[in-house]
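Visitor: Sequence plus the predicted model coming up.
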Amino acid sequence: MESNIDQELNKLIVDLSLKLTHEDLFKSKVLKVNNLDIEKIPKEIGILVNLEILDMSHNDNLCLIHPNILNLSKLRELCLINTFISFLPDKFNTMINLQILNLRGTKFIEIPSQIFSLINLKELYMQECHIKIIPNDIRLLTKLTTLWLYDNNIKYIPDDIKYLMCLIDLQLSNNNITEIPDQLTELPELKYLSLDKNQITHIPKKIINLLKLKRLSLQSNPLDLNNVDSIISYMIKTKKIIV
């Protein structure tokens, strides 16, 4: 007679079209399930307590994450690219070991509040969603190194962006941003800043304070380049700033 665990493993294998033995599935640290006609991450996912990486991207009808995902205390990376997910389970904020969260091309209209309690999060990808605002609570993600929010409907960069002291890569192209705030120039580790296809008219002089900056891209903005500072002009000529 099968144990409850065996029954749940068997259901996972069938529901997710997996070609794994019960033992291999239970011991798995990485699980990638893509391009299936499924609507939810099944409750049985919670028994895979050894998982560190879960990728359920490109399941076009996937719209529900079962709360049992919270049992995956070792999970470091969760990818749900191009799914129909629009909300996270309650208490998702308890997944404090999560370091990479990829929600690209999902149906979120805002950055979920639970995310701001993920104290070890290093990379957040929410490009190609329907986001209008970067909340000031972004300041709580103090370990964040990568933030990709391009192809959204964001109008401004919050002042509290300055608290992301570890941020290296910020991608905000194809939004509706009108200015680069001075606070953005206070990020000591920022190397890559993309603001293409926005409504920016001015490059602030304080941009030179970004000592580690390797590339600032401002293509397809209505920039006034007639009265730029000489240092900024030099940065443009040397392709450190792309306009």
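Guide: Done, it's in.
Visitor: What residues sit buried inside the lowest-mean-pLDDT helix or strand in the chain?
Guide: Every helix and strand in the chain was compared by mean pLDDT, DSSP states H and E; the lowest is helix 230-237, with a mean of 82. Residues of helix 230-237 classed as buried: 232, 235-236 (neighbour count, 16 or more other Cβ atoms under 10 Å). Where you see a C-beta, it was placed from the backbone N, CA and C, and this is true even at glycine.
Visitor: Out of the residues you listed, the closest to Asn221 would be?
Guide: Ile236 (12.8 Å; Cβ to Cβ).
Visitor: Verify the stated contact: the closest one with Val243.
Guide: Yes: Ile236 is in contact with Val243 according to Cβ atoms under 8 Å; the separation is 5.9 Å.
Visitor: who touches both of the two?
Guide: Common neighbours of Ile236 and Val243, using Cβ atoms under 8 Å, 6 or more residues apart in numbering, are Leu225.
Visitor: Point out the other helices and strands that the least confident helix or strand of the chain packs with.
Guide: Counting contacts by 3 or more Cβ pairs under 8 Å, 6 or more residues apart in numbering; DSSP states H and E, helix 230-237 packs against no other helix or strand.
Visitor: Just the CA coordinates for it, please, in PDB.
Guide: Extracted C-alpha coordinates of helix 230-237, given in PDB (Å, rounded to 0.1, in the frame of the first residue of the first chain):
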ATOM      1  CA  SER A 230      31.100  69.500 -20.200                       C
ATOM      2  CA  ILE A 231      31.700  66.300 -18.200                       C
ATOM      3  CA  ILE A 232      28.400  64.900 -19.300                       C
ATOM      4  CA  SER A 233      29.300  65.900 -22.900                       C
ATOM      5  CA  TYR A 234      32.500  63.900 -22.500                       C
ATOM      6  CA  MET A 235      30.600  60.900 -21.100                       C
ATOM      7  CA  ILE A 236      28.400  61.000 -24.200                       C
ATOM      8  CA  LYS A 237      31.300  61.200 -26.600                       C
END
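Visitor: Now do the helices in this protein.
Guide: Listed in chain order, the helices of the chain (DSSP state H) span 4-15, 22-27, 230-237.
Visitor: so how far is the longest one off the chain centroid?
Guide: Shown here is helix 4-15, whose average C-alpha point lies 31 Å from the average C-alpha point of the whole chain (Cα atoms, centre = their mean, to the nearest Å).
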